[in-house]
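S.K.: fold the following.
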Amino acid sequence: MKKTGVFKYIPYWLITLICINWYSCSLMPDKLKTAEQLIEASPDSALRILQQLSPREFSFEADKALYGLLLFRALDKKLLPLKPDSLLSFSLNYYQRHHDKVRLAYCLLYKGRSDKYALRYDDAMDSYLKAYDLIQYGNYFLLLGRINSDIGDIHNIQKDYTLARKKYKLAYQYFTKLKLQSLAFNSLLDIGRTYHTAKEYHTAQHYYRTAFRQVCDSIQYGALLQEIAINHYENKQYDSALLYFRKVISYPYILNNRAIRYYYVADLFSDLQQIDSAGYYAKRSFSYNPDIRTRRECYRILTNVAYTTGDKKMMSVYMNRYVEISDSLRKIDAQTKGSVLETMHETRQKFSNTKLERFYLFGLLLLFVTIGCFIFILTRKKIQKEKLRIEEIHQQQKIMIRKEVVDKQRKALSKRMEEIKATQAKERKNSSSAMKDAMDRELYNQLLHLNDVEYFDREMDVLLNNMVSKLKNRYPSITDKEKTWCCLHLLCVPSTDILMLFNYKVDSLNKMKQRLAQKVQLNGVAEIDNFLNELLSQE
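M.R.: Numbering: from 1, shown residues only. Take a look at the predicted model:
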């Protein structure tokens, strides 16, 4: 029945869809490569490319692992939440298995940042220290700078200001080597912050003046003004602090810097006994996603404001929230300090290189070798016998399986030839011997593509367990005709047909077999059958 209307175009539509799908799949690694090249210079473009992809579309684990790593790098560059955790875990596990140190270090960096943002400083330090061990002896300055900067953040939060300052200075050196102005500028602010939190206000101001000469945009200028204002406030220079806070309050900001500015302005007005203004700015701070410590301090200010104004109801509400957050912070602050974890990690690293550990390892190795040799001697004969028996069984099974497969292919080939010959019976009846030979050659070429060497080789590799590839790789001196004969022989093509296909006489074919036996290092032609069957069964 003839197809009519749109139905006759269905096959073409299907082929087009398959081609489009194949083409899009083939582009996946290229898109990942492009995203990786753009990740530092143009994270917006990289993120757009990555968001157009899905991890389910990747056929290979390597592509999926790279996708997860690049996505987290792009999210981190754009200061977006590092989600989902499962994708990063997949990438981390993959690079652990494949010993890709640099990419594993990046995964550990983002795992550490995810834990740091969640206030799990123990876990964060563990990830950072592992990442540092992987790349500490390479020229991975960007990665080393980021790891040191993040470790410095944890030390600073935990009031280990000297250690924090050391890490920030290392980060500044790495970023300066790479001429990364923005990251180097932030490191200067971090160093200054360690001084003003340690009440070394003049030294902090020195670093802020240095940073002032490197300001490039309004966000950096606002961040610098914020640190200068806080430094004046902590030094109880309220007039100067108020002057800078008034300047910075409306400047562009990132993350929760606006919330921090409002909190400090509120605290400043509280110290100046301007209660209404203190309450106003403390409440405004909650509109800009303050961190847990800023929230607690804002509730402290609001509690004092409510107490001063006699609002006992709100004072109770604010006090309860202040206490709840304080309880949470006590649990966070009760974590093992990063300095302790770092010291323990360094101690373990040093101990692993001591002579004592090598001595113990040598002793254990000697003990295991002795026990192993004893067990090996006792069980050697039994294992060898069992191994030989199993190998023999496996070899026989392989040979049988391969023979069955080849036998099926041979029968299918024979059946197909008989079917075609049956359709040509009338024509063959009236044909000469030469014409019949020509028809047979055409038939074999139609079924086995003998004239197309590459196609024939691929087909024989599929049918005969990579027979052509094995012959080519192991016996490079074998000619194409000898290789073709081996395949036809295994397919049980009659000798008369082989003579016809090769245009050989019997003597010529025998000489070819003798040359083949010599090339594969056999004692004679009689051994060729066993040789080919054994080669067929091998992997």
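
S.K.: what comes up buried for the host helix or strand of residue 232?
M.R.: Using DSSP states H and E, residue 232 sits in helix 218-234. For helix 218-234, the neighbour count (16 or more other Cβ atoms under 10 Å) marks 220-233 as buried. Every C-beta, even on glycine, is put in place using the N, C-alpha and C of the backbone.

S.K.: what do you get for stretch 76-90?
M.R.: So stretch 76-90, judged by 16+ other Cβ under 10 Å, has buried residues 76, 82, 87-88, 90.

S.K.: stretch 271-281: how far from the chain's middle?
M.R.: In this view, stretch 271-281 has its centroid 51 Å away from the chain centroid, taken as Cα atoms, centre = their mean, to the nearest Å.

S.K.: now it - C-alpha only, PDB.
M.R.: Output in PDB follows, covering the C-alpha atoms of stretch 271-281 (Å, rounded to 0.1, in the frame of the first residue of the first chain):
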ATOM      1  CA  ASP A 271      26.800  54.400  71.900                       C
ATOM      2  CA  LEU A 272      25.900  58.100  71.100                       C
ATOM      3  CA  GLN A 273      22.500  57.600  72.900                       C
ATOM      4  CA  GLN A 274      20.500  58.300  69.800                       C
ATOM      5  CA  ILE A 275      18.100  55.500  70.500                       C
ATOM      6  CA  ASP A 276      15.600  56.100  67.600                       C
ATOM      7  CA  SER A 277      18.300  56.000  65.000                       C
ATOM      8  CA  ALA A 278      19.900  53.000  66.600                       C
ATOM      9  CA  GLY A 279      16.600  51.000  66.400                       C
ATOM     10  CA  TYR A 280      15.900  52.200  62.900                       C
ATOM     11  CA  TYR A 281      19.300  51.000  61.400                       C
END
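
S.K.: any idea which helix or strand comes after the worst-scoring helix or strand of the chain on mean pLDDT?
M.R.: Across the helices and strands of the chain, mean pLDDT, DSSP states H and E gives its lowest value to helix 10-26, namely a mean of 55. Going down the chain from helix 10-26, the next helix or strand is helix 28-38, by DSSP H and E.

S.K.: gap between residue 124 and residue 118?
M.R.: Distance, residue 124 to residue 118, by Cβ to Cβ, to the nearest Å: 8 Å.

S.K.: now the residue nearest to the spatial centre of the chain: closest residue in space that isn't a chain neighbour?
M.R.: Against the mean C-alpha coordinate of the chain, by Cα atoms, centre = their mean, the closest residue is residue 65 at 2.9 Å. Nearest non-adjacent residue to residue 65, counting by Cβ to Cβ, 6 or more residues apart in numbering: residue 94, 3.7 Å away.

S.K.: what about that neighbour, how many neighbours?
M.R.: Residues lying near residue 94 (other Cβ atoms under 10 Å) number 20.

S.K.: kindly report the same for residue 124.
M.R.: Using other Cβ under 10 Å: residue 124 sits among 25 other residues.

S.K.: in terms of helices and strands, where is it?
M.R.: helix 121-135.

S.K.: pull the residues that contact that helix.
M.R.: For helix 121-135, the external contacting residues (Cβ atoms under 8 Å, 6 or more residues apart in numbering) are 101-102, 104-106, 108-109, 111-113, 115-116, 143-144, 147-148, 150-151, 154, 157-158, 332, 335-336, 338, 341-342, 345, 349.

S.K.: can you list the buried residues in that helix?
M.R.: Across helix 121-135, burial judged by 16+ other Cβ under 10 Å covers 121, 124-132, 134-135.

S.K.: now stretch 281-294
M.R.: By 16+ other Cβ under 10 Å, the buried positions in stretch 281-294 come out as 281-282, 284-286, 288, 290, 294.

S.K.: so where is this structure shaky, pLDDT-wise?
M.R.: Residues of the chain meeting the criterion pLDDT under 70: 1-28, 352-357, 395, 398-399, 402-403.

S.K.: what ranges do the strands span in it?
M.R.: Assigned strands in the chain: none (criterion: DSSP state E).

S.K.: show me what the longest helix along it is packed up against.
M.R.: The single longest helix within the chain, with elements called by DSSP state H, is helix 355-423. Applying 3 or more Cβ pairs under 8 Å, 6 or more residues apart in numbering; DSSP states H and E, one finds that helix 355-423 contacts helix 433-448, helix 453-463, helix 528-537.

S.K.: tell me what the shortest one is packed against?
M.R.: Looking back up the chat, that one is helix 528-537. Short answer (3+ Cβ pairs under 8 Å, 6+ apart): helix 528-537 packs on helix 355-423, helix 467-474, helix 480-490, helix 506-519.

S.K.: I'd assumed residue 49 was in contact with residue 34.
M.R.: Yes. Applying Cβ atoms under 8 Å, one finds residue 34 in contact with residue 49, separated by 6.2 Å.

S.K.: so for the two, which residue has more residues nearby?
M.R.: Higher neighbour count among residue 34 and residue 49: residue 49, with 18 against 14, using other Cβ under 10 Å.

S.K.: give me the number of residues near the residue lying closest to the more buried one once chain neighbours are set aside?
M.R.: Nearest-residue entry for residue 49: residue 35, 4.5 Å, with adjacent residues in sequence omitted and distances by Cβ to Cβ, 6+ apart. Counted by other Cβ under 10 Å, the residues lying close to residue 35 total 25.

S.K.: may I have the phi/psi pair for residue 334?
M.R.: Main-chain torsions, residue 334, degrees, to the nearest 10: phi -80, psi -10.

S.K.: picking that back up, return a PyMOL selection command for the buried portion of the contacts of helix 121-135.
M.R.: For the buried members of the contacts of helix 121-135, the matching PyMOL selection, counting by 16+ other Cβ under 10 Å, is:
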select buried, resi 104+105+106+108+109+111+112+113+115+116+143+144+147+148+150+151+154+157+158+335+338+341+342+345
